[in-house]
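Chemist: below are the sequence and a predicted model for it; my questions follow.
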Amino acid sequence: MKYTWRVAMEILRMSPPLLGSFRKVLKDFEYDGYTIPKGWQAACMTHMDERIYPDPSKFDPTRFEKQASAPPYCFVAFGGGARICPGNEFARIETLVTIHYLVTRFKWKLCYLDNSFTRNPFPVFSHGMLIEIEPKNCQNPLKFKQRVALECCVAE
């Protein structure tokens, strides 16, 4: 499940639960020609930084093959250091189990094959990310497919 977790990490990098976090500036410092004064709140956002993740708009789970490929605290989907999410390992297991069952027990079909997206700041698909799923071993797939189609996408 190593590759599956890399896929999940890449999804979290491209569309994190939080875009970044705010930290209180402890002393004056200069950044890109601007002075940031002590006491201000600074936003930390690194997931789409080209200096850290080359070609950040490309979906590439292999960028997580080496743990040391990014500097510390650049992938912070679960926070980091003293503020790391206490449930991050539980979330990891939940994510892996969910992906496993969705991939092994269901057939997937995209409702729109020519679906483009823009960033605002999260990915926003032109038709939404609509899918049609049905169980791989179902006695009455049409009934299930219609029920899911009503919840997930426009029925054909």
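Modeler: Looks like it arrived, so ask away. Residues are numbered from 1 along each chain as shown.

Chemist: which element is Ala43 on?
Modeler: Ala43 is part of strand 41-44, with elements assigned from DSSP states H and E.

Chemist: now the element after that strand, going C-ward?
Modeler: helix 88-105.

Chemist: for the helix or strand that comes right after that next one, packing partners?
Modeler: Following helix 88-105 in sequence order, the next helix or strand is strand 106-110 (DSSP H and E). Helices and strands touching strand 106-110, by 3 or more CB pairs under 8 Å, 6 or more residues apart in numbering; DSSP states H and E, are strand 131-135. To be clear about C-beta, it is placed using only N, CA and C from the backbone, and glycine gets the same treatment.

Chemist: and the strand it packs on with strand 106-110, angle?
Modeler: 160 degrees (axes from the mean of the first three to the mean of the last three CA atoms, to 10 degrees).

Chemist: which parts of strand 131-135 are buried?
Modeler: Within strand 131-135, the residues scored as buried using 16 or more other CB atoms under 10 Å are Glu132, Ile133, Glu134.

Chemist: so which of those residues comes closest to Ala82?
Modeler: Ile133 (40.3 Å; CB to CB).

Chemist: for that closest one, list each beta-bridge partner.
Modeler: Per DSSP bridges, the residues bridged to Ile133 are Trp108.

Chemist: report pLDDT for it.
Modeler: With respect to pLDDT, Ile133 has a value of 81.

Chemist: ok, now Gly33?
Modeler: 92.

Chemist: all further residue positions should be reported with the first residue as 26.
Modeler: Sure, I'll start counting at 26 from here, so that last one is Gly58.

Chemist: below-threshold pLDDT in this protein: ranges please.
Modeler: 44-45, 92-94, 146-147, 163-181 (pLDDT under 70).

Chemist: for the strand holding Ala68, name the packing helices and strands.
Modeler: With contacts defined as 3+ CB pairs under 8 Å, 6+ apart, strand 66-69 has these neighbours: strand 46-49.

Chemist: ok, the next helix or strand after the strand it packs on: who's next to it in the sheet?
Modeler: With elements assigned by DSSP H and E, the helix or strand that comes after strand 46-49 is strand 54-56. Each strand that pairs with strand 54-56, with its direction, by DSSP bridges: strand 59-61 (antiparallel).
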